[in-house]
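Q: Pasting the sequence and the predicted model now:
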Amino acid sequence: MNYLFIIHFFPLELYPPVQNLLNQLIEKKKNVKIIVFTTYANTALNTINFSTEHIEVIRVGKSGKNLKPWQRYFTYLKFFTKATFSLFKYKPNSVLYYETLSSFPAVMYKKTFGKKAKLFIHYHEYTSKEQYKSGMLLNKIFHQLEKQIYPLANWVSHTNQQRMNFFLKDIAPIKITNTYAIPNYPPKIWYRSPNQEAHTPLKIIYVGSLGLNSMFIKEFANWVIQQNGNVVWDIYTINCTQEVKDFFQSLNTNYIQFQQPVNYKELPNVFQQYDVGVVLYKGVNLNQIHTTPNKMFEYFACGLDVWFPDVMLGGLEFAQLNGLQKMIPVNFLQLQNFEYKKFIRLKGNTDKASPNHFFCEYALSALVEKL
């Protein structure tokens with residue numbers, strides 16, 4: 001039996017790109033047993049069952065910000081011990097890990113078996129040298145180990161080429177030849193035709209984590225209120241600090257509502273109820289500046305207009321390069337000048353996502369084939 005191991009420390013439920021990859025691998029149904037190591041989400045989301053005849057998902061402990069320090073350390077110990085032991089037990093042909101925190105078992109396995117074990121690495125986020133230095137000690141240690149095996153890896157990828165360029169500059173003089181960019185597109189099945197006319201009032205949705213210091217939350221919330229009911233904003237989040245909750249409670253408005261979070265596969269039907277999907281990153285670091293978040297593509301695929309901050313160069317470059325008129329850069333520091341009615345979807349004035357280029361079946365094809 002051939003084995004493929006995927007190591008993804010953080011819960012699958014919080015990372016749509018790895019969910020999409022697993023679904024693509026399931027469809028292939030080759031003579032390969034896929035074993036996925038991850039954790040349980042310490043959130044209100046339901047645990048997704050990916051286990052099939054071809055895939056076994058092994059969850060070791062919980063991960064999340066609300067855990068006590070000893071609980072996190074115990075999960076680290078259990079997770080890395082069990083994943084490492086299983087690798088040496090099953091001796092898989094290929095190993096894919098996501099992010100530095102998942103790297104230790106795969107690095108030890110690669111250093112032991114060398115060319116006999118194919119190694120694939122993907123990063124959801126770009127982490128700068130400064131962030132590694134000031135961040136969690138475990139990440140710092142693991143990253144030093146990663147550097148030793150980068151030249152031996154069969155695949156190293158980021159979500160776009162700009163992030164990859166920063167990454168390669170950071171690890172110089174280490175050379176990597178097998179580099180790739182994989183954008184975070186949704187599945188083809190998500191495609192929805194845009195509503196012919198916008199709702200009255202205009203309905204805006206935000207899905208994802210919230211942070212006051214890293215997002216234009218205050219600016220956008222105040223703008224929504226100033227529209228006097230012409231605009232309403234619904235928020236779906238499972239990661240929200242008490243500071244954020246206190247801020248929204250202080251607004252005392254009916255124009256902004258928190259809704260119950262939903263699992264990833266349920267989002268297309270939710271998006272159909274809205275006109276605009278909003279992204280709010282302030283661009284506080286290179287990772288945010290050069291991001292093109294999966295939510296941009298998910299909103300767009302489901303027929304929504306997309307508003308994103310003009311400081312997000314990754315989103316700006318993507319929208320301009322592909323001529324997508326419904327991905328709209330906005331100056332969130334001068335929202336009083338934002339004439340949103342000029343951009344409201346009108347009948348016949350829509351972009352159509354290409355079935356070949358803006359979906360994960362296209363973006364993941366090379367990785368799926370190599371795995």
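A: Nice, I can see it.
Q: the strands in the stretch 151-300 of the chain, which residues?
A: Per DSSP state E, counting those that start in this stretch, the stretch 151-300 of the chain carries strands over the ranges 155-158, 179-181, 202-207, 231-236, 256-259, 276-278.
Q: contacting residues around the lowest-mean-pLDDT helix or strand in the chain?
A: Each helix and strand of the chain was given a mean pLDDT (mean pLDDT, DSSP states H and E); the minimum falls on helix 313-322 at a mean of 84. Contacts to helix 313-322, defined as Cβ atoms under 8 Å, 6 or more residues apart in numbering, come from residues 160, 162-163, 279, 283, 289-293, 296, 308-310, 324, 327-329. To be clear about C-beta, it is placed using only N, CA and C from the backbone, and glycine gets the same treatment.
Q: at 6 Å what do you get?
A: Helix 313-322 has contacts (Cβ atoms under 6 Å, 6 or more residues apart in numbering) with 160, 289-292, 296, 308, 327, 329.
Q: Send me it as PDB with only the CA atoms.
A: Once side chains and other backbone atoms are set aside, the C-alpha atoms of helix 313-322 remain, and they are given as PDB (Å, rounded to 0.1, in the frame of the first residue of the first chain):
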ATOM      1  CA  LEU A 313      -1.400  45.300  -3.100                       C
ATOM      2  CA  GLY A 314      -2.000  41.600  -3.700                       C
ATOM      3  CA  GLY A 315      -5.700  42.200  -4.200                       C
ATOM      4  CA  LEU A 316      -5.100  45.300  -6.300                       C
ATOM      5  CA  GLU A 317      -2.600  43.600  -8.600                       C
ATOM      6  CA  PHE A 318      -4.900  40.600  -9.100                       C
ATOM      7  CA  ALA A 319      -8.000  42.700  -9.900                       C
ATOM      8  CA  GLN A 320      -6.100  44.900 -12.300                       C
ATOM      9  CA  LEU A 321      -4.300  42.000 -14.000                       C
ATOM     10  CA  ASN A 322      -7.500  40.100 -14.600                       C
END
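Q: From the contacts of helix 313-322, which land in helices?
A: 289, 296 (DSSP state H).
Q: Just give the nearest non-adjacent residue to Ile48, would you?
A: Nearest non-adjacent residue to Ile48, counting by Cβ to Cβ, 6 or more residues apart in numbering: Glu13, 5.6 Å away.
Q: Report the secondary structure state of that neighbour.
A: The three-state assignment at Glu13 reads helix, by DSSP: H, G, I helix; E, B strand; the rest coil.
Q: and Arg362, how many residues sit next to it?
A: One correction, residue 362 is Tyr, not Arg. A count of nearby residues for Tyr362, using other Cβ atoms under 10 Å, gives 15.
Q: I meant Pro151, not that one.
A: Counted with other Cβ under 10 Å, the neighbours of Pro151 add up to 12.
Q: Give me the buried positions along stretch 294-310.
A: Judged by neighbour count using 16 or more other Cβ atoms under 10 Å, the buried positions of stretch 294-310 are 294-309.
Q: Same check on stretch 213-229?
A: Neighbour-count burial for stretch 213-229, with 16+ other Cβ under 10 Å as criterion, is recorded at 215-217, 219-221, 223-225.
Q: and what of stretch 195-207?
A: Residues 195, 198, 201-207 are the ones in stretch 195-207 that count as buried (16+ other Cβ under 10 Å).
Q: what's the closest of the residues you listed to Gln19?
A: Using Cβ to Cβ, Val207 comes nearest to Gln19 of these, at 14.6 Å.
Q: if I pick the closest one, what's in contact with it?
A: Residues near Val207 by Cβ under 6 Å, 6+ apart: 236, 295.
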